[in-house]
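Chemist: Got a predicted model here, sequence first, then my questions.
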Amino acid sequence: MSPYEVIDKYYRPGSKLRDILVRHSERVAEKALAVAERAAHLNPDRRFIREAALLHDIGIFLTRKPEIACRGTRRYILHGLLGRRILEKEGLPAHARVCERHVGAGITAKEAREHGFPVPWRDMAPVSLEEKIICYADKFFSKSPGKNDREEKMDDIVKELKGHGPGKAERFLEWAQIFE
């Protein structure tokens, strides 16, 4: 399975959105593989990490976020859940779980309920080592113009995650202790 073949089923080659998605996903994959190398003693599945990192945001085209050329109708917070559905349809259930669980350093059932997020009120936070590595790496790269060409600083990531409620920054910092 080539992640690019899957991407090309849903994104028009040469389109702005495909370019944004691929650029972001390749940077996340590169970072995730570097993290996996540092965590080699934990025996991460590098092939899966690369594939899943390239596909983790496959659902963004169904959402509305004009600043990154997303012209869909759904709220952006749903891109992980929508991506899960796409990849399950493609016969990639483990990759699909990465899509669902990477959003915002993961979303717990409690967070979903307390914030009224329009997602199922179940735990959707990374569970496997590979999921955690991809979610961690994803936080270092934005898809937004002007920010998408640089790696974010750890302090800035933590500050942003703290703004999304308790738990997210703490999860990220736990991963940093393991992966850095």
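Modeler: Nice, I can see it. Numbering: from 1, shown residues only.
Chemist: And M1, how close does it get to V158?
Modeler: Distance, M1 to V158, by CB to CB, to the nearest Å: 35 Å. Every C-beta, even on glycine, is put in place using the N, C-alpha and C of the backbone.
Chemist: Contacts only, for C99.
Modeler: Contact criterion CB atoms under 8 Å, 6 or more residues apart in numbering gives 55-59, 79-84, 86-87 as the residues in contact with C99.
Chemist: Not counting its neighbours along the chain, what's nearest it?
Modeler: Closest residue to C99 in three dimensions, ignoring its sequence neighbours and counting by CB to CB, 6 or more residues apart in numbering: G83, at 3.3 Å.
Chemist: Return the distance of the one you found relative to K153.
Modeler: In terms of CB to CB, G83 sits 27 Å off from K153.
Chemist: which of these two has more neighbours?
Modeler: The residue with more neighbours, out of G83 and K153, is G83; 27 against 10, by other CB atoms under 10 Å.
Chemist: Distance check, that one against K89.
Modeler: In this structure, G83 lies at 11 Å from K89, with CB to CB as the measure.
Chemist: you'd agree G14 is in a strand?
Modeler: No. Per DSSP: H, G, I helix; E, B strand; the rest coil, G14 lies outside any strand segment and is coil.
Chemist: Could you measure from it over to V22?
Modeler: G14 sits at a distance of 11 Å from V22 (criterion: CB to CB).
Chemist: ok, the residue nearest the centre of the chain - contacts?
Modeler: When CA atoms, centre = their mean is applied to the chain, the residue found nearest the centroid is H102 (4.3 Å). Neighbour list for H102: 56, 80, 126, 131, 134-135, 138 [criterion: CB under 8 Å, 6+ apart].
Chemist: quick one, helices of this protein?
Modeler: In order along the chain, the chain carries the following helices (DSSP state H): 3-10, 16-38, 46-55, 79-89, 93-101, 109-115, 129-138, 154-162, 168-179.
Chemist: So E180 is in contact with R38, correct?
Modeler: Yes. E180 lies in contact with R38 (CB atoms under 8 Å); the separation is 7.3 Å.
Chemist: Looking at these two, which one has more neighbours?
Modeler: For the pair E180 and R38, the greater number of neighbours falls to R38 (13 against 10), based on other CB under 10 Å.
Chemist: Thanks again, I'm all set now.
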